[in-house]
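Novice: Just need the structure, nothing else, for what follows:
(one chain, ligands or ions: 2)
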Amino acid sequence: MTDEIKRPSRAGKEILNASKPQIERLQRRLFLRQGLSLGALVMLTGCDYGSLAENDGLDRLLRTMSGFNDRVQALLFNPHRLAPTYAASQITKPFPFNAFYGIDDAPDIDPDAWKLEVSGLVSDKTPWTVQRLRGLPQESQITRLICVEGWSAIGQWSGVPFRAFLERIGADTTAKYVGLKCADKYYSSIDMATALHPQTIMTLDFGGEPLPGAYGAPMRLRVPTKLGFKNPKYIQALYVTNTYPGGYWEDQGYNWFSGS
Ligand SMILES: Nc1nc2c(c(=O)[nH]1)N[C@H]1C(S)=C(S)[C@@H](COP(=O)(O)O)O[C@H]1N2
Ligand SMILES: [Mo]
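Specialist: Residues are numbered from 1 along each chain as shown. Ligands and ions are numbered 1, 2, ... in the order given. Sure, this is the predicted structure:
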């Protein structure tokens, strides 16, 4: 597989008419084999997720992209570029559940007893309750969650913009990473530029209702500029750090940046 992609060739302008299975294969290949994300591809080709889904030239693109890595992707990240948004009529129902286990084993957390621990490079380490988070300004988005396993789905998520929260707790926003720890032992981390991105939200509601158990209750991070696995559910603790925190899938070889 990697042998095919030694030679860089022309950029992704020539992409035409791919089918949905081809796109799904592309996502998987970019991600697992080349260490590249759909988001990076999107950045480099200048097309959005929507137009990508109607286009092709996958092998050529793979060759073009194969030399890039996390560092390059981080440099390419445009903190002002927004992920595409959708109409309410486009929301995917039923919305898929995904985790590294089956739905029956999803954590069942009492939102009234839940506390979010905050640590690392922040001045206020007071734990947060759902009620206190709901007291902060809320934002809503209809965006697409893209899973590396080859599916995507559109949903509506609302909650506290992560930037507002980080500012509120006196986070050192010059630090490199925000690490996130979940009740199911899942963990992930994002770069600070992505943490401060206007569409990165601490999600409390899904489809206008409190986040259901399957989708990460009581709080998950929604990061529409990144692939699904960088959207941790059931978050219990977060920390700001300059030490690379890794992640559940990231530590098994998935590309860490995985975003646009
Ligand atoms: N805590 C936790 N968060 C997680 C995961 C997980 O296994 N545990 N899986 C990730 C993956 S791979 C995807 S695609 C999305 C799926 O989110 P959904 O169940 O809302 O569709 O959650 C992400 N967040
Ligand atoms: Mo995923």
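
Novice: switch to C-alpha atoms for all contacts and neighbour counts from now on
Specialist: Will do.

Novice: separation between the residue nearest to Trp128 when sequence neighbours are not counted and Phe229?
Specialist: Excluding the flanking residues, the one nearest Trp128 by Cα to Cα, 6 or more residues apart in numbering is Leu116, at 4.9 Å. Applying Cα to Cα, to the nearest Å, the value for Leu116 to Phe229 is 20 Å.

Novice: Tell me which of these two has more neighbours.
Specialist: Phe229 (26 against 19; other Cα atoms under 10 Å).

Novice: follow-up on the earlier one: does the residue nearest to Trp128 touch Thr129 like I think?
Specialist: Yes - contact criterion Cα atoms under 8 Å: Leu116 and Thr129 qualify, at 6.4 Å.

Novice: just to revisit the earlier point, contact partners for the residue nearest to Trp128?
Specialist: Pro127, Trp128, Thr129, Ile235, Gln236, Ala237, Leu238 (Cα atoms under 8 Å, 6 or more residues apart in numbering).

Novice: per-residue pLDDT, it?
Specialist: With respect to pLDDT, Leu116 scores 98.

Novice: which phi and psi does it have?
Specialist: Main-chain torsions, Leu116, degrees, to the nearest 10: phi -100, psi 120.

Novice: all helices of this structure, in order?
Specialist: 20-28, 38-45, 49-52, 58-65, 70-76, 130-134, 162-168, 192-195 (DSSP state H).

Novice: Could you tell me the least trusted of those?
Specialist: Taking the mean pLDDT of these, helix 49-52 comes last: a mean of 42.

Novice: Leaving out sequence neighbours, find the closest residue to Gln156.
Specialist: Gln156 sits nearest to Ile142 (Cα to Cα, 6+ apart), 4.3 Å away.

Novice: List the contacts of that neighbour.
Specialist: Thr85, Tyr86, Ala87, Ala88, Ile91, Ile154, Gly155, Gln156, Trp157.

Novice: and the gap between it and Phe206?
Specialist: From Ile142 to Phe206 the distance is 10 Å (Cα to Cα).

Novice: shared neighbours of the two, anything?
Specialist: Common neighbours of Ile142 and Phe206 (Cα under 8 Å, 6+ apart) are Gly155, Gln156, Trp157.

Novice: Please narrow these to those residing in strands.
Specialist: Mapping the shared contacts of Ile142 and Phe206 onto strands (DSSP state E) picks out Gly155, Gln156, Trp157.

Novice: State the number of residues packed around Leu221.
Specialist: 24.

Novice: before we move on, what about Val240?
Specialist: Count around Val240 with other Cα under 10 Å applied: 26.

Novice: what is it paired to in the beta sheet?
Specialist: Counting by DSSP bridges, Val240 forms beta bridges with Gly120, Val178.

Novice: Likewise for Arg222?
Specialist: Ile201.

Novice: same thing with Ala153?
Specialist: With DSSP bridges as the rule, Ala153 is bridged to Leu145.

Novice: List the contacts of it.
Specialist: Contacts of Ala153 by Cα under 8 Å, 6+ apart are Ile91, Thr92, Phe95, Pro96, Arg144, Leu145, Ile146.

Novice: any chance of the residues you listed in TSV, plus distance to Ser258?
Specialist: Formatted as TSV, the contacts of Ala153 follow (distance: Cα to Cα, whole Å):
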residue	distance to Ser258
Ile91	23
Thr92	23
Phe95	22
Pro96	20
Arg144	15
Leu145	13
Ile146	11
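
Novice: Check the gap between the residue nearest to Trp128 and Val130 for me.
Specialist: Relative to Val130, and taking Cα to Cα, Leu116 is found at 8 Å.

Novice: Gln156 too?
Specialist: To Val130, Gln156 is 19 Å away according to Cα to Cα.

Novice: One more: Val122?
Specialist: For Val122, the distance to Val130 - Cα to Cα - is 20 Å.
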